[in-house]
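S.K.: 3D, please:
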Amino acid sequence: MRIDTLNYRKKIPTHPAHFYQVLLEEQLNYFHSKDSSITKLTEGAAVTTALQTKLGQATVESTLTIQRLVKDELLEMTTDYSGGKIIQTYQLKRQDEQQFTLHYSERNELVDAKTQLSLLFVLPFYKLFYNRQLAKRVNYLIQKL
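M.R.: Below is the predicted model:
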C-alpha cells in the first residue's frame, strides 16, 4: 500500500449490483449537471469544473474522467488539475449473494515533489476528516438503495 493513498472499507449488506447501480446513477447525475450532453457514463467520459484543493483550500479548474468501468465491480475516475492528479477507485468485492465489501481508495499524484512531501505529513490528520466525509457519502448511497 502506498503512503500517498487514502483507503476506506465497509461491508455492505446488499448485492453489489444494487449498490453499483446507485453509484453509477449518482456519478452520472454529477457529470450531467456539469455537461448536459452526458446521458450515460462510459469510459472516457469527462467534465471540467472548479473544485477545492485539499491542502490550500483554493479553487482550481479540474477535469474529472471516467477511466474504468467493470459492471458491478469497479469504478475508477481521475481528477486532473494543474497541481497533479487524484485517482479514485470504488471496488466492490463480493462476499456472498447478499453482502460485499466496498474498497474505496484515493491516490494523490502531485506534480511538485515538495508539495507531495508536504501531503505525506498532512495525510494522517486529513484521514480523520476524510473517513468521516466518506462514511457520510457511503451511507448516503446506501440510503438510496
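S.K.: assign residue 100 to helix, strand or coil.
M.R.: Here residue 100 is recorded as strand under DSSP: H, G, I helix; E, B strand; the rest coil.
S.K.: do you know how far it is from residue 64?
M.R.: Distance, residue 100 to residue 64, using CB to CB, to the nearest Å: 25 Å. C-betas here are computed from N, CA, C, even on glycine.
S.K.: out of those two, which sits in the more crowded spot?
M.R.: Between residue 100 and residue 64, residue 100 has the larger neighbour count (other CB atoms under 10 Å), namely 25 against 21.
S.K.: for the nearest residue to that one once chain neighbours are set aside, give me phi and psi.
M.R.: Spatial nearest neighbour of residue 100, chain neighbours left out: residue 16 (4.1 Å); criterion: CB to CB, 6 or more residues apart in numbering. Main-chain torsions, residue 16, degrees, to the nearest 10: phi -60, psi -30.
S.K.: ok, residue 16 - contacts?
M.R.: Residues in contact with residue 16 (CB atoms under 8 Å, 6 or more residues apart in numbering) are 72, 73, 92, 94, 100.
S.K.: kindly recompute the last result at 10 Å.
M.R.: Listed by CB atoms under 10 Å, 6 or more residues apart in numbering, the contact set of residue 16 reads 23, 71-73, 91-95, 97-102.
S.K.: low-scoring stretches of the chain, by residue?
M.R.: Scanning the chain for pLDDT under 70 picks out the ranges 1-4, 54-56, 119.
S.K.: what about the longest helix in it?
M.R.: Secondary structure of the chain per DSSP state H: the longest helix is helix 113-143.
S.K.: can you give me the buried ones in it?
M.R.: 119, 123, 130, 134, 138, 141, 142 (16 or more other CB atoms under 10 Å).
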